[in-house]
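Visitor: Fold the stuff below for me.
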Amino acid sequence: MITAHLAAATAAQALVPTGKGDPTWFDNPALTQNFVPAIFETLMMTGLSTIFAVIIGTLLGLVLVQTGKGGLTPNKGVYQAVSFVVNIVRSLPFIVGIIMLIPVTKAIVGKSTGSFATVVPLVILSAPFFARLVETNLLAVDPGKIEAAQMMGASNRQIRWGVLIREAMPALIQSITTLAITLIGYSAMAGAVGGGGLGQMAINYGYNRWQDDVMISTVVAIIVIVQIIQLIGDLLSRALDHRAR
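Guide: The predicted structure follows:
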C-alpha cells in the first residue's frame, strides 16, 4: 500500500519533459499552470490545519493545566495519561507520521494523497505540539489573578476562559503564529508523499527534474508566506496585549 502511495506521488504533476532543453520561467508550464494553484493549496492546507490544531490543542492544553499540579482540579492520573499521549505523538517525525497515518487518512477523507488528505496528518501530528505551547502559556499567567477570581466566586469555567485564556491571549497568538509557520514546513515535507502544494512542486520539478526556476520560485513563495504570517501574528499579539497600553 505504501509503495503504491509513493508511486502515485512520484507520477503527480508530470507536465514537462526532463532535460537541458526544458522551458524555463514564464515559458515553463510548471510555473505558468501549477504555481498559483500550488500556493493556494499550501494556504488551504496551512489554514485548515491551523484551525483544527488550535481547537484540539487548546482543549488538550487546558486539560493539562487544569489537572496538573496546582491546577484548578488536580488529577494525577488524567494528567499523566494526556501528557503521555501528547509526548508520544510529538516524538514522531512528521514524514514517518504521515506514512503511518495513511490508513486513518483514507478512512476519513477517502484517499491518502492530495492537499485535503494532507490536512488529516497535519492536524493529528501538530495538535499535541500546540497543546504544549498552550500549557506553557497558561502556566505563565499570574497566579494572583486566578486567586482573585476564585475569591470573587468565579467558576472553573469562568477562570479557564475569562482569566487563563484572556491573560495568555498575546502569548497564545504568538504560539498560533509559530504553529502556522511550522505547518507550512510540514506541508512542504508532505510533498514528498503526494501532499500537494508548493512542497510537491519543489520536489517534482525543482529536485527530480533539476528545474532551478521552480525551486527558486517555491522557496521565495514560502518565505513570503512565512513573513506575512509572522507580521500578522505580531500585529495581533500587540493589539491584544493590554499590558502594553
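
Visitor: can you pull out the helices in the chain?
Guide: 2-11, 29-67, 76-90, 94-100, 102-109, 115-139, 143-151, 156-159, 165-190, 197-201, 212-240 (DSSP state H).

Visitor: Deepest in the core, which of those is it.
Guide: helix 197-201 (a mean of 28; mean count of other CB atoms under 10 Å). For every residue, glycine as well, the C-beta is placed using N, CA and C.

Visitor: Could you check the pLDDT of the most centrally placed residue in the chain?
Guide: Centroid-nearest residue in the chain, with CA atoms, centre = their mean: Leu183, separated by 3.1 Å. Note for Leu183: predicted pLDDT of 91.

Visitor: how much space is there between it and Arg160?
Guide: Going from Leu183 to Arg160 by CB to CB, to the nearest Å gives 26 Å.

Visitor: Same question for Lys76.
Guide: Counting by CB to CB, the gap from Lys76 to Arg160 is 20 Å.

Visitor: try Ser83
Guide: For Ser83, the distance to Arg160 - CB to CB - is 18 Å.

Visitor: so where is the protein shaky, pLDDT-wise?
Guide: Across the chain, residues meeting the criterion (pLDDT under 70) sit at 1-30, 192, 194, 206-207, 242-245.

Visitor: what about 90?
Guide: The chain contains residues with pLDDT under 90 at 1-42, 45, 68-74, 76, 90-121, 139-168, 185-219, 221-222, 237-245.

Visitor: Quickly note the distance from the residue nearest to the centre of the chain to Ile232.
Guide: Noted for Leu183: a distance of 15 Å to Ile232, by CB to CB.

Visitor: again with Trp210
Guide: Trp210 is 35 Å from Ile232, where distance means CB to CB.

Visitor: Kindly report the same for Phe35.
Guide: Distance from Phe35 to Ile232, counting by CB to CB: 23 Å.

Visitor: same check, this time on Ser155
Guide: Here Ser155 is placed at a distance of 34 Å from Ile232 (CB to CB).

Visitor: same question, Glu41
Guide: According to CB to CB, Glu41 stands 20 Å off from Ile232.

Visitor: Also Ser126?
Guide: For Ser126 relative to Ile232 (CB to CB), the value is 19 Å.

Visitor: Leu240 too?
Guide: 12 Å.

Visitor: Same question for Trp161.
Guide: With distances taken as CB to CB, Trp161 is found 24 Å from Ile232.

Visitor: before we move on, what about Ala202?
Guide: In this view, Ala202 and Ile232 are 24 Å apart by CB to CB.

Visitor: go on, Arg209?
Guide: From Arg209 to Ile232 the distance is 34 Å (CB to CB).

Visitor: ok, now Asn34?
Guide: Distance from Asn34 to Ile232, by CB to CB: 26 Å.

Visitor: With Val104 as the reference, measure out to the closest residue to Leu92 other than its chain neighbours.
Guide: Using CB to CB, 6 or more residues apart in numbering and skipping the chain neighbours, the partner closest in space to Leu92 is Leu125 (6.4 Å). Distance, Leu125 to Val104, by CB to CB: 11 Å.

Visitor: again, but for Gly68
Guide: Distance, Gly68 to Val104, using CB to CB: 29 Å.

Visitor: Many thanks, we can stop here.
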